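Asker: need a structure here:
(one chain, ligands or ions: 1)
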Amino acid sequence: MKIIRSPAAITAWSERLRCEGVTIGFVPTMGALHEGHRSLIRQARLQCDALVVSIFVNPTQFGPQEDLSKYPRPISQDRAICRQEGVDVCFEPTAKAMYPAGFQTTVTVPTVARRWEGEARPHHFQGVATVVTKLFGMVRPHRALFGQKDFQQSVLVQRLVTDLNLGVDIVIRPTVREQDGLAMSSRNVYLSPNERHRAVTLYKSLQAGAAVIRTGETDAKAVRSAMAQVINQESSITIDYLAVCDPRTLEPVSSVTSRVVLLGAIRLGSVRLIDNLLAAVPRRSS
Ligand code: AMP
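Answerer: Next up is the predicted model:
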């Protein structure tokens, strides 16, 4: 496996392979790789001839009070996982190479970014949209894989690629979970044993919402309150948001008529967790 740090070098590598007709797959990450990342990498390996994984803790998507400096960076372990999974190139640019002196262009996807994570983390999605655009420009992949775990991000990336004609095929893969259902996340290491035990409440709340929909409930308020009830049973977990939304626009719906996405964010001590679940009204048997 090659380790490439320079943007010019990854572009040269990619261009050479593209000329030979090789299909290039790409999995962008911030490192601290877990089974969720591994599943994206494995799937990309199956779908593409050559595979690039980027590891870059992007400073512009962190707010001033967020965890940029303490974000886990186990680079040797990450490289070992990439090697095990047959990655061809681990692209590890520096912040200086990504944002050199004079850098000023940003990408915004205003409507998708307006609510939920965008509201809780004001500059987050501008940072994500800009870095994804830059990484695509450097790596020039045919296909890039993202996780459903970050649902709003996945909608934003698809919008961005369509709007800017970036010509990258976007694949969204299901959320990989711990045995108890907690969505895997690089930030789960921040949870104390007691918090870790209670963190699954968010998933349970989403499941409660989906279960109510399956029984035929169409009132989004009733679905939301079924979700909130699960969280409120636990002491010292605060709800950032719980929402029943259209999965394409992320706008809240008042009535569940077809497919919806249940979105949730909670705070457990100093840790903020997000998760989501797709749900659909049951089909009527004729
Ligand atoms: P990150 O390193 O957190 O920026 O995530 C890199 C990619 O991995 C993103 O596309 C995430 O949505 C995806 N990802 C993170 N956690 C999971 C998970 N539990 N299951 C599937 N994909 C995930």
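Asker: Can you list the buried residues in the host helix or strand of residue 197?
Answerer: If you go by DSSP states H and E, residue 197 is part of helix 193-198. Buried residues in helix 193-198, defined by neighbour count with 16 or more other CB atoms under 10 Å: 195-196, 198. From N, CA and C alone the C-beta is placed, and that goes for glycine too.
Asker: Also stretch 14-26?
Answerer: The neighbour-count check on stretch 14-26 (16+ other CB under 10 Å) flags 14, 17, 24-26 as buried.
Asker: One more: stretch 62-82?
Answerer: 62, 71, 78-79, 81-82.
Asker: would you list those in TSV and tack on distance to the ligand?
Answerer: Shown next, in TSV, are the buried residues of stretch 62-82 (distance: CB to the nearest ligand atom, whole Å):
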residue	distance to the ligand
62	11
71	10
78	10
79	15
81	12
82	13
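Asker: Same list as before, these that is, but in a markdown table and with pLDDT and secondary structure included.
Answerer: Compiled in a markdown table, the buried residues of stretch 62-82 are given as follows (pLDDT from 0 to 100; DSSP: H, G, I helix; E, B strand; the rest coil):
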| residue | pLDDT | secondary structure |
| --- | --- | --- |
| 62 | 97 | coil |
| 71 | 96 | coil |
| 78 | 98 | helix |
| 79 | 98 | helix |
| 81 | 98 | helix |
| 82 | 98 | helix |
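Asker: of those, closest to residue 265?
Answerer: The nearest member of those to residue 265, counting by CB to CB, is residue 62 at 16.3 Å.
Asker: re earlier: what's the following helix or strand after the helix holding residue 197?
Answerer: Next element after helix 193-198 (DSSP H and E): helix 201-214.
Asker: what helices or strands is that next one leaning on?
Answerer: Helices and strands touching helix 201-214, by 3 or more CB pairs under 8 Å, 6 or more residues apart in numbering; DSSP states H and E, are helix 220-232, strand 237-245, strand 259-268, strand 271-280.
Asker: just to revisit the earlier point, C-alpha coordinates for the helix holding residue 197, CSV please?
Answerer: Provided in CSV are the C-alpha atoms of helix 193-198 (Å, rounded to 0.1, in the frame of the first residue of the first chain):
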residue,chain,number,x,y,z
PRO,A,193,-18.4,2.8,30.7
ASN,A,194,-21.6,4.1,32.2
GLU,A,195,-22.4,6.4,29.3
ARG,A,196,-21.5,3.7,26.9
HIS,A,197,-24.1,1.5,28.5
ARG,A,198,-26.8,4.2,28.1
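Asker: Need the contact partners of it.
Answerer: Helix 193-198 is contacted by residues 182, 188, 234, 237, 268-269, 271 when judged by CB atoms under 8 Å, 6 or more residues apart in numbering.
Asker: ok so, going back, dump the buried residues of stretch 62-82 to CSV, plus distance to residue 264.
Answerer: Rendered in CSV, the data for those read as follows (distance: CB to CB, whole Å):
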residue, distance to residue 264
62, 21
71, 22
78, 28
79, 33
81, 28
82, 31
